[in-house]
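>>> from the sequence below, what's the structure:
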Amino acid sequence: MVECDLSDPRLELVTFTSVRMTPDLRNAHIYYSSLTSGDREGPQRALVQASGWLRRELGRRLKLRYVPALRFEFDDSFERAARISSLLRDEPDED
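Coordinates of the predicted model:
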């Protein structure tokens, strides 16, 4: 849905990693990562700007009483995993 219908270039390298819903299904915390190094603000702004359209599409496609409010949060787990891997790879040998 997003990759086909949103043509914002700031979202070309964005991947949604997970969604967490509140128990009452009124809020969705959407976690995303981006392959653009160092630029977290561009994708965040683009997602916030597109949130109205996204909510409208969700309301049309899902059978929920309420369409959840969307909260976008950057998922830095890939960056942390790469850093840990790098630290482990560069660990000095103990002789």
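>>> now the spatially most central residue of the chain: phi and psi?
Nearest to the geometric centre of the chain sits residue 32, at 1.5 Å (CA atoms, centre = their mean). As for residue 32, its main-chain torsions (degrees, to the nearest 10) stand at phi -140, psi 160.
>>> which residues does it contact?
14, 15, 16, 17, 43, 47, 72, 73, 74, 75 (CB atoms under 8 Å, 6 or more residues apart in numbering). (Each C-beta comes from the backbone N, C-alpha and C, glycine too.)
>>> from those, which ones fall inside helices?
Using DSSP state H, the subset of these located in helices is 43, 47.
>>> per-residue confidence at the residue nearest to residue 8 when sequence neighbours are not counted?
In space, and not counting its chain neighbours, residue 8 is closest to residue 46: 4.6 Å by CB to CB, 6 or more residues apart in numbering. Note on residue 46: pLDDT of 91.
>>> again with residue 95
You'll see residue 95 listed with a pLDDT of 54.
>>> residue 56: what secondary structure?
With DSSP: H, G, I helix; E, B strand; the rest coil as the basis, residue 56 sits in helix.
>>> and for it, the neighbour number?
For residue 56, the tally of surrounding residues (other CB atoms under 10 Å) stands at 11.
>>> how about it, what does it touch?
Counting by CB under 8 Å, 6+ apart, residue 56 touches residue 67.
>>> distance of it from residue 30?
Separation of residue 56 from residue 30 (CB to CB, to the nearest Å): 16 Å.
>>> what's the answer for residue 6, then?
Separation of residue 6 from residue 30 (CB to CB): 14 Å.
>>> got it, and residue 5?
Residue 5 is 16 Å from residue 30, by CB to CB.
>>> same check, this time on residue 49
For residue 49, the distance to residue 30 (CB to CB) stands at 14 Å.
>>> more neighbours: these two, which one.
Neighbours were counted for residue 49 and for residue 30 using other CB under 10 Å; residue 30 has more, 19 against 13.
>>> let me know the secondary structure of the more buried one.
Applying three-state DSSP: residue 30 is strand.
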